[in-house]
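Engineer: Need coordinates for the below:
(chains A, B, C and D)
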2 protein chains.
Amino acid sequence: MAEDLRDKLGAQHLPLRDQVLAALRTAIIDGDYLPGERLTEDRLAEDFGVSRNPVREALRVAEAEGFVVILPRRGAVVASPSSGTIADMFAVRQRLETLAARLAAERATAADVASLRALLDQGREATQRHDLARVAELNSTLHLRILQISGNPWLSSIAKSLYLHVQWVFRLGAAERAPHSWAEHIQLVDAIESGDGDRAERAALDHLDAASAAAYENAEGGYGAR
Amino acid sequence: MAEDLRDKLGAQHLPLRDQVLAALRTAIIDGDYLPGERLTEDRLAEDFGVSRNPVREALRVAEAEGFVVILPRRGAVVASPSSGTIADMFAVRQRLETLAARLAAERATAADVASLRALLDQGREATQRHDLARVAELNSTLHLRILQISGNPWLSSIAKSLYLHVQWVFRLGAAERAPHSWAEHIQLVDAIESGDGDRAERAALDHLDAASAAAYENAEGGYGAR
DNA sequence: TAATTGTTCTTCGTATACACTTTGTCCGGA
DNA sequence: TCCGGACAAAGTGTATACGAAGAACAATTA
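Structural biologist: Numbering: from 1, shown residues only, chains lettered A, B, ... in the order given. Predicted coordinates for the structure are as follows:
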């Protein structure tokens, strides 16, 4: 028993680089590090209380994921998404998340549907409490869960990365829109439960269209200020 | 082999980690490192003639790209794509490359179309010479060019990564199929030139369906075979 | 003012050290 | 023969230090 636990703990060991990467992503998405801000290795190492090596490895992955830009011999800066790439992101998301919805509808087990319903319930409750942060969080969880249910790891990983970026760019607007989009989520989960791929795809499309429109309205306010 | 890779590195002036990453990707795609093969840091460092640090950074990115799998405290092994993930890859490619074809049709300039036609001509010529390697290379160039013409950097980067993986898994089969698929390419470029997004999307879909079917036939033979 | 020089900061790569895990091997005992 | 544990080897994870080279910025000079 005790050995069992120890084995698990050993396997669960999270390398520092992964923790740093997660913290870095979160910090960027949350706006603790603003677009264009310079990220020197020493500074990050100090912020996270680790040595430079894990920081460097995390930075390379963050670059591959598009969260930072690394200029040779000059270091890393937080990436600055332009409004052009926002439309591009939604175009790709539309293709991928509709596929995810279709696959989820075709493959979801009763337990999968139950977990989605549970998220919907929690979301409704949080909406009533006007707990926007919690709603936004549940929103993300729901989307990621659907990706997971789709059972396609490529789809899941790519769409997840895109989803994180969307959250990053519109984290404020998304929180405001979350309550309005909850009805769309119910439609989507209903469609997934029905097992009707076409219907699920349509529901996902509607949801994304609305989210895209909302994102654009929100973008008017603008990121331009540097 | 080590000397080969080292020579490739010496010619350029990029950060070592990027050169190592490129060399690693190439070595994996070319089969110099086989799926399941263990990649110890010391060994890679020696193969590429660098220290452990650049190797580690390259490995993290290669992991994010799906070329290697890293197990905590146990190191990296070359990823082993299962036939399951092959179907998944094609499912995602279908969504993305049809979008790319549509966007390319809507946005292609005369110069873009001319460059595609030039590739088609070279491909026809290489096919007549039975130069399969060259045909396969032009095949890739054509696909990547279409992605580029689509003008969506997210789409382009994601689909390119997927395309590399497909090449990796089916590099032999793809070379054999290349001549047969050339007619489909002509259809695709014609559709792009017409500016008809629907038509381009349909042409891309047909092409991918055929490629997917061919990939599956080829996969029957299995992997380990020399 | 404009150009040049020098200084400083930072990245990039190397090297080294060491704790800790995993893995493999060997050996004695049932 | 087979099992189990001690033991050694291999390799990762992390920290640290150091030197070289590039980039940015300040200082100096014409």
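
Engineer: quick check: mean pLDDT across the helix or strand containing residue A:60?
Structural biologist: Assigned by DSSP states H and E, residue A:60 falls within helix A:52-64. Taken as a whole, helix A:52-64 has an average pLDDT of 97.

Engineer: does any bit of that helix sit next to DNA strand D?
Structural biologist: Yes. Between helix A:52-64 and DNA strand D, judged by C-beta under 7 Å from any atom of the strand, the touching residues are A:52-54. For glycine as for every other residue, the C-beta is placed from the backbone atoms N, C-alpha and C.

Engineer: Residues contacting the helix or strand following that helix, please?
Structural biologist: Next along the chain after helix A:52-64, taking DSSP H and E as the criterion, comes strand A:68-71. By C-beta atoms under 8 Å, 6 or more residues apart in numbering or on different chains, the surrounding residues in contact with strand A:68-71 are A:24, A:28, A:39, A:59-60, A:62-63, A:76-79.

Engineer: Which of those residues lies at the shortest distance from residue A:150?
Structural biologist: Relative to residue A:150, the closest of the contacts of strand A:68-71 is residue A:62; by C-beta to C-beta it sits at 25.4 Å.

Engineer: got the buried residues for the helix or strand residue A:168 falls within?
Structural biologist: Per DSSP H and E, residue A:168 falls inside helix A:153-169. Buried positions in helix A:153-169, judged by neighbour count with 16 or more other C-beta atoms under 10 Å in any protein chain shown: A:153-156, A:158-169.

Engineer: Of the residues of helix A:52-64 next to DNA strand D, which is the most crowded?
Structural biologist: Counting neighbours by other C-beta atoms under 10 Å in any protein chain shown, the top entry in the residues of helix A:52-64 next to DNA strand D is residue A:54, with 20 neighbours.

Engineer: wouldn't that residue be in contact with residue A:23 here?
Structural biologist: No. Contact status for residue A:54 versus residue A:23: not in contact, 10.6 Å apart, counting by C-beta atoms under 8 Å.

Engineer: Spit out the residues that contact the two alike.
Structural biologist: Both residue A:54 and residue A:23 are in contact with residue A:48, where contact means C-beta under 8 Å, 6+ apart.

Engineer: okay, stretch A:129-143 in CSV with CA atoms only?
Structural biologist: C-alpha atoms of stretch A:129-143 as CSV (Å, rounded to 0.1, in the frame of the first residue of the first chain):
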residue,chain,number,x,y,z
ARG,A,129,-24.4,33.9,-8.0
HIS,A,130,-23.0,36.3,-10.6
ASP,A,131,-19.6,34.6,-10.1
LEU,A,132,-18.2,35.5,-13.5
ALA,A,133,-14.7,34.2,-12.8
ARG,A,134,-16.2,30.8,-11.9
VAL,A,135,-18.4,30.8,-14.9
ALA,A,136,-15.5,31.5,-17.2
GLU,A,137,-13.6,28.7,-15.6
LEU,A,138,-16.4,26.3,-16.1
ASN,A,139,-16.8,27.5,-19.6
SER,A,140,-13.2,26.5,-20.3
THR,A,141,-13.6,23.2,-18.5
LEU,A,142,-16.6,22.3,-20.6
HIS,A,143,-14.9,23.0,-23.9
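
Engineer: quick check: mean pLDDT across that stretch?
Structural biologist: This predicted structure assigns stretch A:129-143 an average pLDDT of 87.

Engineer: Tell me how far that stretch lies from the chain's centre.
Structural biologist: 12 Å (C-alpha atoms, centre = their mean, to the nearest Å).

Engineer: Can you list the low-confidence ranges for chain A?
Structural biologist: Scanning chain A for pLDDT under 70 picks out A:1-12, A:83, A:172-176, A:178-179, A:218-226.

Engineer: can you list the domains in it?
Structural biologist: For chain A, whose domains are defined here by automatic domain parsing, the residue ranges read A:2-78, A:83-221.

Engineer: contacting residues for the closest residue to residue A:37 other than its chain neighbours?
Structural biologist: Taking C-beta to C-beta, 6 or more residues apart in numbering or on different chains, and ignoring the residues beside it in sequence, residue A:37 has residue A:78 as its nearest neighbour in space, at 4.8 Å. When contacts are counted by C-beta under 8 Å, 6+ apart, residue A:78 touches A:28, A:33-37, A:39, A:67-69.

Engineer: Turn the residues you listed into CSV, including neighbour count and distance to residue B:89.
Structural biologist: What follows is these, written out as CSV (neighbours: other C-beta atoms under 10 Å in any protein chain shown; distance: C-beta to C-beta, whole Å):
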residue, neighbour count, distance to residue B:89
A:28, 22, 29
A:33, 20, 33
A:34, 10, 36
A:35, 18, 32
A:36, 11, 35
A:37, 13, 36
A:39, 22, 33
A:67, 25, 24
A:68, 24, 27
A:69, 17, 28
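
Engineer: Which of those residues sits closest to DNA strand C?
Structural biologist: Of all those, residue A:39 has the smallest distance to DNA strand C: 6.7 Å, by C-beta to the nearest atom of the strand.
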